[in-house]
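Q: When you get a sec, could you give me coordinates for this:
(one chain, ligands or ions: 1)
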Amino acid sequence: MRAVVVSAPGGPSVLEHRDVPVPLVQPGSVRVAVRSIGVNFRDVQQRRGAAPDLTYPFVPGSDFAGEVLEAGEGVRTLKAGDRVFGVSLSGAYAEQVVAPAVVVYPVPQGLDFDLAAALPVAGLSASFLLTTAGLRAGMTAVTYAAAGGLGCFLGGVLSEAGVRSIGLVSSAEKAAVARAAGHSDVVIYREADPVEAVRALTDGAGVDVVLDSVAGPGFARSFAMLRSEGVVVLCGRSAGAPDLATVYPEFIESRRNLALRDFYLATYTTGHFAEVPGRLETLAGGIRSGRIRIPVRSVPFLEVRRAHELLESGATTGKVVLHV
Ligand SMILES: NC(=O)c1ccc[n+]([C@@H]2O[C@H](COP(=O)([O-])OP(=O)(O)OC[C@H]3O[C@@H](n4cnc5c(N)ncnc54)[C@H](OP(=O)(O)O)[C@@H]3O)[C@@H](O)[C@H]2O)c1
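A: Numbers count the residues shown, from 1 in each chain. I've put the predicted structure just below:
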């Protein structure tokens with residue numbers, strides 16, 4: 001079978017289609033013929049070598065959807081022919097994957113393979129971020145990259161929960177996508193200073209929570225957007241590692257009782273594993289009802305390099321999926 005193999009860190013050209021052995025089904029696992037693969041910024045970071053504990057060569061990819069070919073010994077919930085989707089730590093950029101049956105679920109009613117493959121990492125992150133950030137109805141949040149994959153899921157999840165979200169985006173086109181996804185207000189950060197804009201939108205008070213998936217050299221501004229006792233949740237590093245050296249004045253020296261919280265889905269899920277099926281079903285229900293609106297752009301599996309180029313250049317909105 002064909003899989004995308006990364007042998008060394010680098011740009012999109014290190015993504016190589018190779019013939020690899022078909023993975024053997026293990027007890028408790030299923031072998032799936034992959035139809036759609038969700039592309040996440042995490043895959044880009046792994047390809048670049050920016051993810052910890054990675055050994056080469058490896059096959060990237062977490063989100064997949066397709067049909068069960070074979071169920072391993074002891075698997076009672078799934079059988080050959082079932083339409084499923086799932087999430088793994090890596091290995092999804094392939095024509096077939098073997099994954100533990102506990103992380104493979106029937107495709108929810110009303111979703112096609114592309115939408116199902118778009119759901120796990122971004123959808124679960126949005127769902128868990130709402131909880132871990134302590135966001136409730138009546139509160140206000142800032143969402144970075146509000147028109148992206150995670151950002152569109154957050155637009156739906158936050159508005160459904162009655163949270164006002166101020167989305168940050170780079171362009172007018174993305175502003176329209178972010179609004180359609182459910183963000184109450186949108187700031188085009190290339191046209192207006194985001195800190196001043198957020199303060200103006202909150203009558204000078206600042207927001208309860210900033211969901212910062214971009215970080216990088218501008219990380220300090222997230223603290224400047226907070227009200228007293230507010231929380232920055234660091235949930236990504238699209239612009240690089242957060243520059244912690246510059247946060248001291250806004251975070252500590254301002255003496256506004258602010259907090260910084262880290263969120264990482266893979267480890268967070270370990271402590272909340274029993275909640276995953278219910279949260280996925282709730283997210284699928286949100287998509288069916290139109291409360292969660294995720295534009296999905298499908299790119300052929302053979303054009304995986306182009307998919308990465310589009311995602312890391314900021315050229316995409318919503319989710320990108322690879323069509324096998
Ligand atoms: N913590 C977790 O467990 C977890 C889970 C899911 C996702 N994430 C993180 O959340 C972020 C979003 O993931 P995603 O897959 O949904 O991607 P995405 O938001 O669809 O794409 C990234 C977006 O980030 C913005 N951006 C700002 N600075 C950028 C830069 N220097 N390079 C590239 N993009 C930049 C761009 O939007 P604008 O043009 O509007 O600025 C771009 O479209 C990633 O950092 C990802 O690792 C983390």
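
Q: what sits against the nearest residue in space to residue 241 that is not next to it in sequence?
A: Distance criterion C-beta to C-beta, 6 or more residues apart in numbering; nearest residue to residue 241, sequence neighbours excluded, is residue 215 at 6.6 Å. C-beta: built from backbone N, CA, C; applies to glycine. By C-beta atoms under 8 Å, 6 or more residues apart in numbering, the contact set of residue 215 is 234, 236, 237, 238, 239, 240, 241, 242, 243.

Q: and which of those residues is nearest residue 283?
A: The closest of those to residue 283 turns out to be residue 236 (C-beta to C-beta; 18.7 Å).

Q: helix, strand or coil for that closest one?
A: coil (DSSP: H, G, I helix; E, B strand; the rest coil).

Q: Please name the bridge partners of residue 67.
A: Residues in a beta bridge with residue 67, per DSSP bridges, are residue 33, residue 83.

Q: measure it to residue 104 for me?
A: 11 Å (C-beta to C-beta, to the nearest Å).

Q: Contacts only, for the residue nearest to the spatial centre of the chain.
A: Note on the chain: the residue nearest the mean C-alpha position is residue 122, at 2.9 Å, using C-alpha atoms, centre = their mean. Applying C-beta under 8 Å, 6+ apart to residue 122 gives the contacts 38, 40, 149, 150, 152, 153, 294, 319.

Q: what about it, distance to the ligand?
A: Noted for residue 122: a distance of 5 Å to the ligand, by C-beta to the nearest ligand atom, to the nearest Å.

Q: Could you check what's spatially nearest to the residue of the stretch 151-300 of the chain found nearest the ligand, not counting adjacent residues?
A: Residue nearest to the ligand within the stretch 151-300 of the chain: residue 236 (2.5 Å; C-beta to the nearest ligand atom). Leaving aside its sequence neighbours, residue 236 sits nearest to residue 213 (C-beta to C-beta, 6+ apart; 3.1 Å).

Q: Can you give me the neighbour number for the one you found?
A: Other residues within reach of residue 213, judged by other C-beta atoms under 10 Å, total 25.

Q: How about the backbone phi and psi for it?
A: The phi/psi pair for residue 213 (degrees, to the nearest 10) reads phi -100, psi 0.

Q: just checking, the residue of the stretch 151-300 of the chain closest to the ligand touches residue 222?
A: No: the pair residue 236 / residue 222 is not scored as a contact, 11.9 Å apart, by C-beta atoms under 8 Å.

Q: Brilliant, that's me finished.
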